[in-house]
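Engineer: sharing a model that was predicted from the sequence below.
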Amino acid sequence: MIIIYKEFIKNNINKLTMNDLEKYAIKNNIEYTKYELIIIYNFIKYNYLELLNENIKVFEEIKGKINPNLYKKLLNLYIEYKQKYLQK
């Protein structure tokens, strides 16, 4: 099942929009600025393979660029989804 999730993301990452991220953030009560949204969007688009391969160190790239609370929330979400969808 893990392979299916990874392939789905690989095949659909090019369809991800900033509007999708905005909707997700609103739905999950995540506060951000427009600048942070752009940073996160680019981070996901250009680092999704590292994220799928469970390279958590890639988060260091955005650590000083976004609000610390937002960073912590994103990191926690990544860990949560990683455990749910990427680990056996």
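Structural biologist: All right, it came through fine.
Engineer: where does the chain dip in pLDDT?
Structural biologist: Scanning the chain for pLDDT under 70 picks out 88.
Engineer: so where's the longest helix in this protein?
Structural biologist: In the chain, taking DSSP state H as the definition, the longest helix is helix 34-52.
Engineer: tell me which strands and helices the following helix or strand past that one is in contact with?
Structural biologist: Next in sequence after helix 34-52, counting helices and strands by DSSP states H and E, comes helix 68-81. Helix 68-81 sits against helix 34-52, with contacts defined as 3 or more Cβ pairs under 8 Å, 6 or more residues apart in numbering; DSSP states H and E. In short, each C-beta sits where N, CA and C put it, glycine included.
Engineer: which elements pack onto the helix it packs on?
Structural biologist: Contact partners of helix 34-52 among helices and strands, from 3+ Cβ pairs under 8 Å, 6+ apart: helix 2-12, helix 18-27, helix 68-81.
Engineer: tell me the buried residues in that helix?
Structural biologist: E36, L37, I39, I40, Y41, F43, I44, Y48, L51, L52 (16 or more other Cβ atoms under 10 Å).
Engineer: pipe those residues into JSON lines and attach distance to I2 per row.
Structural biologist: Output for the buried residues of helix 34-52, formatted as JSON lines (distance: Cβ to Cβ, whole Å):
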{"residue": "E36", "distance to I2": "30"}
{"residue": "L37", "distance to I2": "29"}
{"residue": "I39", "distance to I2": "28"}
{"residue": "I40", "distance to I2": "24"}
{"residue": "Y41", "distance to I2": "25"}
{"residue": "F43", "distance to I2": "22"}
{"residue": "I44", "distance to I2": "19"}
{"residue": "Y48", "distance to I2": "15"}
{"residue": "L51", "distance to I2": "14"}
{"residue": "L52", "distance to I2": "10"}
